[in-house]
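Asker: Structure here, sequence nowhere to be found:
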């Protein structure tokens, strides 16, 4: 149980284009999902918390107009990197947390490797 | 030992030996801690967790120890296997409606055959 998927697993795009990454919880409903970015040889950095049916909460320093998050259903959150530039190249990972008390563990997706040329 | 710059610290162990991976966490108010394993090109995989009302928890071949006095967390892996080679991250959180994980820097475990 607690499987999270991401699509695509990797994407290469030209500078200035937008890229959408999907995160799905496959066997549970997730009212809260999280988006992280990870640069090579570094730890995961939380970008934003995605709440179903409401606006995402962004961490300090993360541009909400550049990284658009939509959490339209209990099993799907999307991250759109708008007007991507080479410095946005990174490994983007989502996680989901089952609702309810006692469910404090986040389950992670396999990640999406974004390369901006 | 630990290296500087963008390189993660590396722990090298012989196959079959026990491994101990250490982590210093930052928030004394954190009440829930998790160890994750991340293989190259993949997302973090849950290994074991522990709540602040405990100081030790055992799983299959893994044990987590928590020392709240010095804000220290460790992961012990018994009889380390080549498949254990990965980057290991500790994560902490204060549980609640708006809880979020804070990850440690990560340690690379390299298992020598």
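Answerer: Nice, I can see it. None of these values were measured; they are calculated from a predicted model.
Asker: show me the contacts for residue B:47.
Answerer: The neighbours of residue B:47, taking Cβ atoms under 8 Å, 6 or more residues apart in numbering or on different chains as the test, are B:34-37, B:59, B:62, B:75, B:88. All C-beta spots, glycine's among them, are computed from the backbone N, C-alpha and C.
Asker: what subset of these is also close to chain A?
Answerer: B:34, B:36 (Cβ under 8 Å from any Cβ of the partner chain).
Asker: Name the nearest residue to residue A:74, sequence neighbours excluded.
Answerer: Spatial nearest neighbour of residue A:74, excluding adjacent residues (Cβ to Cβ, 6 or more residues apart in numbering or on different chains): residue A:29 at 3.9 Å.
Asker: quick one: residue A:108 from residue B:100, how far?
Answerer: 14 Å (Cβ to Cβ, to the nearest Å).
Asker: so how many other residues sit close to the residue nearest to residue A:74?
Answerer: Residues near residue A:29, counting by other Cβ atoms under 10 Å in any protein chain shown, number 13.
Asker: Please report the distance of it from residue A:97.
Answerer: Residue A:29 is 11 Å from residue A:97, by Cβ to Cβ.
Asker: Distance of residue B:92 relative to chain A?
Answerer: 11 Å (Cβ to the nearest Cβ, to the nearest Å).
Asker: do the same with residue B:32
Answerer: 5 Å.
Asker: where does that residue fall, phi/psi-wise?
Answerer: Main-chain torsions, residue B:32, degrees, to the nearest 10: phi -150, psi 130.
Asker: For whichever residue of chain B sits closest to chain A, give me its contacts.
Answerer: Nearest residue of chain B to chain A: residue B:43, at 3.9 Å (Cβ to the nearest Cβ). Residue B:43 makes contact with A:4, A:6, A:93, A:95, A:108-111, according to Cβ under 8 Å, 6+ apart.
Asker: Show me where chain A has its strands.
Answerer: A:4-7, A:10-13, A:19-25, A:32-38, A:44-51, A:57-58, A:67-73, A:76-81, A:90-97, A:107-108, A:112-116 (DSSP state E).
Asker: typed the wrong thing, it's chain B
Answerer: B:10-14, B:19-24, B:32-38, B:45-51, B:56-58, B:62-67, B:72-77, B:86-93, B:102-103, B:107-112.
Asker: Indicate which one of these is closest to residue A:115.
Answerer: Proximity to residue A:115, assessed across the strands of chain B by Cβ to Cβ, is greatest for strand B:32-38 (19.5 Å).
Asker: Show me which residues of chain B sit near chain A.
Answerer: Within reach of chain A by Cβ under 8 Å from any Cβ, chain B has these residues: B:6-8, B:32, B:34, B:36, B:41-46, B:49, B:89, B:93, B:95, B:98-106.
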